[in-house]
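Visitor: have a look; sequence and predicted model below, questions after that.
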Amino acid sequence: MKNWNVILGVDVSKLTLDISCSERNLHIKIDNNSKGFGEFQKWCKTNGIDLKETLVVMEYTGGYEYRFLQFCDSKSILYCRVPGLEIKQSMGMVRGKNDKADSFRIGRYGEEKSDKLAPSKPLDKNILSLKQLLSFRKRLIREKAGLQSTFKERKHMYEVKKTDTIIHIAQAKIKADQKHIDQVEREIKELIKSNEELFQNYRIITSIKGIGEVNGWMTIAYTENFTSFTDPRAYGVYVGVIPFGHDSGTSIKGRKRVSHLAQKELKSELNQAAKTAITHDPELHAYAQRKLKNKDYPLVLNNVKFKLILRMFSLVKRGEMYVENYRKTA
């Protein structure tokens, strides 16, 4: 049930926040810190905006909004984070761009979608820390892979000695990156084990053949421990494994295909999980062999990814570990 009378659109940047009330044509620009949040409260009071009856709408920015979200949580201010692409595509044709205009556009989006928007849940510090650790781990892995490529190319292209400066530095940095990756992974494991709810669901989903440590960590992080996604199909759309129709009238009869608007990193990890599951899970192996008689391998692999998603959500909902050759009792 809607319990707000005012919607504020917020355009977030690293140093500042542009906040607008489209309905009343009000705008303020503040610093993205405690001092700025105090100015925001005074601005609301001056303009008769009751923050207890207000919904703040903003984009996901990957981290710049977290200080403001912590402020909103501390003041019990309702807020809703929306993917930037969703807001952008809802605006129609737009000319020009600046922070003030963007905040008004976000506010208008909130007003138009008011009946469909639901306030986001308060920040979970464990999930936030997990996402930050996973993000940094990804950066270290990419850096290590780039250095390994440089190392291999240089040894292949040139006759280099063991004392070669580039080879020496690359080897040292690769070794250091691996050490830091191991350290980050240990902290991820300790974080999950320290929280009973996270650890329980992590153990459940990694009991499924094909779902390893990294897939388990990422699924826990991006479903926010299965609270931000409760429907496996919605998560499948988010990851990019649900096909959509492409046809129009009588002339266009395209094949169903998945959308490119997806979380590609999660999809890539699930890709490896599906390949492993097809190899080591008798049930999914048999399923894949049946499907391969009439369908291409990429499509079958996509179907297996969705089956893994269905298993994860079903087991977490029941609070049960995966059991091979399980048969439901009548």
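Guide: Sure, I can see it. Residues are numbered from 1 along each chain as shown.

Visitor: nearest spatial neighbour of L69, chain-adjacent residues omitted?
Guide: Distance criterion Cβ to Cβ, 6 or more residues apart in numbering; nearest residue to L69, sequence neighbours excluded, is L123 at 5.6 Å. Every residue, glycine included, has its C-beta placed from N, CA and C.

Visitor: just the pLDDT for the one you found.
Guide: On the pLDDT scale, L123 is placed at 80.

Visitor: all strands for the stretch 101-250 of the chain, in order.
Guide: Assigned by DSSP state E, counting those that start in this stretch, the stretch 101-250 of the chain shows strands spanning 243-248.

Visitor: tell me who's in contact with the spatially most central residue of the chain.
Guide: Centroid-nearest residue in the chain, with Cα atoms, centre = their mean: Y222, separated by 4.6 Å. By Cβ atoms under 8 Å, 6 or more residues apart in numbering, Y222 lies in contact with 131, 228-229, 238, 263, 266.

Visitor: correct me if wrong: K131 contacts M218.
Guide: No: K131 is beyond contact range of M218, at 9.4 Å (criterion: Cβ atoms under 8 Å).

Visitor: tell me the buried residues within the contacts of Y222.
Guide: Among the contacts of Y222, the ones that count as buried by 16 or more other Cβ atoms under 10 Å are 131, 229, 238, 266.

Visitor: what's the closest of the residues you listed to E65?
Guide: Using Cβ to Cβ, K131 comes nearest to E65 of the buried ones among the contacts of Y222, at 13.1 Å.

Visitor: now the closest one: how far from K155?
Guide: For K131, the distance to K155 (Cβ to Cβ, to the nearest Å) stands at 37 Å.

Visitor: before we move on, what about I49?
Guide: As judged by Cβ to Cβ, I49 and K155 stand 64 Å apart.

Visitor: between these two, who's got more neighbours?
Guide: The neighbour comparison of I49 against K155 (other Cβ atoms under 10 Å) goes to I49, with 18 against 13.

Visitor: phi first, then psi, for the more buried one.
Guide: phi -100, psi 110 (degrees, to the nearest 10).

Visitor: what are the phi and psi values at the residue found closest to it once you drop the neighbours it is linked to in the chain?
Guide: Leaving out its chain neighbours, the residue that sits closest to I49 by Cβ to Cβ, 6+ apart is V6, at 5.4 Å. For V6, the backbone dihedrals are phi -130, psi 140 (criterion: degrees, to the nearest 10).

Visitor: I figured V6 hits S22, correct?
Guide: No: taking contacts as Cβ under 8 Å, V6 lies outside contact range of S22: 10.3 Å.

Visitor: three-state assignment of Y79?
Guide: Secondary structure assignment for Y79 (DSSP: H, G, I helix; E, B strand; the rest coil): strand.

Visitor: and it, what are its bridge partners?
Guide: V56 (DSSP bridges).

Visitor: from F136, how far off is it?
Guide: As defined by Cβ to Cβ, Y79 lies at a distance of 26 Å from F136.

Visitor: and these two? Which one has more around it.
Guide: Counted by other Cβ under 10 Å, Y79 and F136 do not tie: Y79 has more neighbours, with 20 against 14.

Visitor: and the more buried one, how close does it get to D73?
Guide: For Y79, the distance to D73 - Cβ to Cβ - is 9 Å.

Visitor: then L284?
Guide: 42 Å.

Visitor: give me the more crowded residue out of these two.
Guide: Shown here are L284 and D73; by other Cβ under 10 Å, L284 has more neighbours (22 against 13).

Visitor: that one against K307, yeah?
Guide: Yes: if you go by Cβ under 8 Å, L284 and K307 touch, sitting 6.6 Å apart.

Visitor: against D31, how distant is the spatially closest residue to D99 that is not a sequence neighbour?
Guide: In space, and not counting its chain neighbours, D99 is closest to D18: 4.3 Å by Cβ to Cβ, 6+ apart. Using Cβ to Cβ, one gets 11 Å for the distance from D18 to D31.
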